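**Student:** Kindly return the folded structure for what I paste below:
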Amino acid sequence: MAVELGYYTLSVEDLDQAAAFYGGLFGWEFRREHEGYLHVTNTAVPMGFTSDGPSSQPNLYYRVTDVDAAVEQVRKLGGSTGEVFESKSGRGCSCTDDQGTRISLWQSAPGYE
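**Tutor:** Sure thing, here's the model as predicted:
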């Protein structure tokens, strides 16, 4: 099975301001998951907003069936990884490939496929 984009986030300064802007622009609807995070509830590819400050690039999460095995493979291929994290939507890990490009891995929780 090919690995595809499973989730992405946009980093912004102010979540409420982003909700007003993107809700008005695209008709997106939001659910606040926790402090610092808004999930967009009506997009084909799941996405959300984080309040990490503005960024010119989205954070892309590639869906994998086993995040631990994928993390091991990143390291084997010369990349580096952060710590695997747990969230309501599943398990994930920020990684850097062997050329310095940042990506993230995501293993979805039941109900977030």
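
**Student:** Asp16 sits in which helix or strand?
**Tutor:** helix 15-26 (DSSP states H and E).

**Student:** Report the buried residues of the helix or strand following that helix.
**Tutor:** Proceeding N to C from helix 15-26, the next assigned helix or strand is strand 30-34, under DSSP H and E. Along strand 30-34, these residues count as buried under the neighbour rule (16 or more other CB atoms under 10 Å): Phe30. For the C-beta atoms, the positions are set from N, CA and C on the backbone; glycine is no exception.

**Student:** before we move on, what about stretch 47-54?
**Tutor:** For stretch 47-54, by 16+ other CB under 10 Å, it's Met47, Gly48, Phe49, Thr50.

**Student:** Mind checking which of those residues are in strands?
**Tutor:** Met47, Gly48, Phe49, Thr50 (DSSP state E).

**Student:** residues in contact with the strand or helix carrying Gly6?
**Tutor:** Assigned by DSSP H and E, Gly6 falls within strand 5-11. If you take CB atoms under 8 Å, 6 or more residues apart in numbering as the criterion, strand 5-11 is touched by 18, 45-55, 58-63, 89, 106, 108.

**Student:** What average pLDDT does that strand get?
**Tutor:** What strand 5-11 shows for mean pLDDT is 92.

**Student:** That strand versus helix 15-26: what angle between them?
**Tutor:** 120 degrees (axes from the mean of the first three to the mean of the last three CA atoms, to 10 degrees).

**Student:** Tell me how far strand 5-11 lies from the chain's centre.
**Tutor:** Centroid displacement of strand 5-11 relative to its chain, using CA atoms, centre = their mean, to the nearest Å, is 4 Å.

**Student:** can you list the domains in the protein?
**Tutor:** Following automatic domain parsing, one gets these domains for the chain: 9-54, 64-113.

**Student:** give the contact list for Gln99.
**Tutor:** Per CB under 8 Å, 6+ apart, neighbours of Gln99: none.

**Student:** redo that, cut-off 10 Å
**Tutor:** Gly78, Gly79 (CB atoms under 10 Å, 6 or more residues apart in numbering).

**Student:** what do you get for Asp66?
**Tutor:** Glu72, Gln73, Arg91, Leu105, Gln107.
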